[in-house]
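Engineer: I would like the atomic coordinates for the input below:
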Amino acid sequence: MLHSALINVMVKAARNAGRSLKRDLGEIEHLQVSLKGPANFVTKADKRAEELLYADLTKSRPGYGFIGEEGGTREGADKSHTWIVDPLDGTTNFLHGIPQFAISIGLQREGVIIAGVIYNPANDELYIAERGKGAFLNEQRLRVANRRKLDECVIGCGLPHIGRGDLAQSRQEMTAIQEKVAGLRRFGAASLDMAFVAAGRLDGYWERNLQPWDMAAGQIMIREAGGVVSGMAGDDDPLTTGHLICGNEFVHKELVKILKPL
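Structural biologist: Okay, the predicted model is just below:
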C-alpha cells in the first residue's frame, strides 16, 4: 500500500538501523560466554543504531530537532518539528538474546505526535501510524481489542528492577490488578507493549517512570487504532508525567479507576 513521504522516510530509517541491530543480535550469543560479557557491546550497538537513525532522518528532513535516548537533545533550525527516538527499546532483552526489542520513532509537530514507527528487526514486524490515517502492522489495519469484561482481559505492565522505580508501589498495583484480570504480562519493551495494545494482542497496559522516547510512537499507534492513552489521572499527558495507562475505552477507564488512587 502507498504511504506518505513522511512515513516512507521513517520506515527507511528504521529498517536501516534494524539491519545493524539484527547483525549485532547474532553476536550476543557468542558474547554471553566471554569474560567481559556483552554489556559494553550492547552499548555500542545502541549508540550505532541511534547515529544511523539520526543520519537518515536529518538527511531527509534537515532542520528537524532530534531527541534520542543515547545522544539527548539536538536542536534543529525547525523549532516546530522534533524526532523522538529510542534506537533500542528493550535493551535488557537484547542483552540476553531475547528477540523482543524495537526501534521506536515518533515525530512531534508543535507539541503533538503526528506519526510513529515501531520496528522489531528480529521478527520483521513493522508498526506504523500517522495522525488521521490509521495504524498498521505490515500493511494490516489495526484495531484495539473490544473486550468489555476485565476478567477476560490480558494486561501488560512494567516491573521495576534493581535501582529503578518504586517496588512497593508496583507490588501494590499488581495485587490490585491481578485479582481482576485474566492475566498479566511483562515483555520488557514499552514501545512493543503499546504496539501490542494497538494490535489487540494486549487489552491494556500500564507502566510508570517511562521516558518520551519509550512512548511517543506507541501513543499515536494506540489512538489511531481506536484506543485511549493517558497518564495515571486518566486525562493527563504521559509524555509530560512519564506514567502511562492505555487500552480500549472500557479497559482504560477501569485501569484508571484501579490505579489512580494507589
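Engineer: biggest helix in this protein by residues?
Structural biologist: helix 5-31 (DSSP state H).
Engineer: flag every buried residue along the next helix or strand after that helix.
Structural biologist: On the C-terminal side of helix 5-31, the closest following helix or strand by DSSP states H and E is helix 39-60. Buried residues in helix 39-60, defined by neighbour count with 16 or more other C-beta atoms under 10 Å: 41-42, 45-50, 52-54, 56-58. The C-beta positions use only the backbone N, C-alpha and C, and glycine is treated the same way.
Engineer: helix 39-60 vs helix 5-31, what angle?
Structural biologist: Going by axes from the mean of the first three to the mean of the last three C-alpha atoms, to 10 degrees, helix 39-60 is angled at 160 degrees with respect to helix 5-31.
Engineer: now the end-to-end length of stretch 196-207.
Structural biologist: End-to-end distance for stretch 196-207: 14 Å, by C-alpha to C-alpha, to the nearest Å.
Engineer: let me redo that: stretch 129-137
Structural biologist: For stretch 129-137, the end-to-end distance is 9 Å (C-alpha to C-alpha).
Engineer: could I get the average pLDDT for that stretch?
Structural biologist: What stretch 129-137 shows for mean pLDDT is 98.
Engineer: which parts of that stretch are buried?
Structural biologist: Neighbour-count burial for stretch 129-137 [16+ other C-beta under 10 Å]: 129, 130, 135, 136, 137.
Engineer: cool, stretch 245-254 as well?
Structural biologist: Buried residues in stretch 245-254 (16+ other C-beta under 10 Å): 245, 246, 247, 248, 250, 251, 252, 254.
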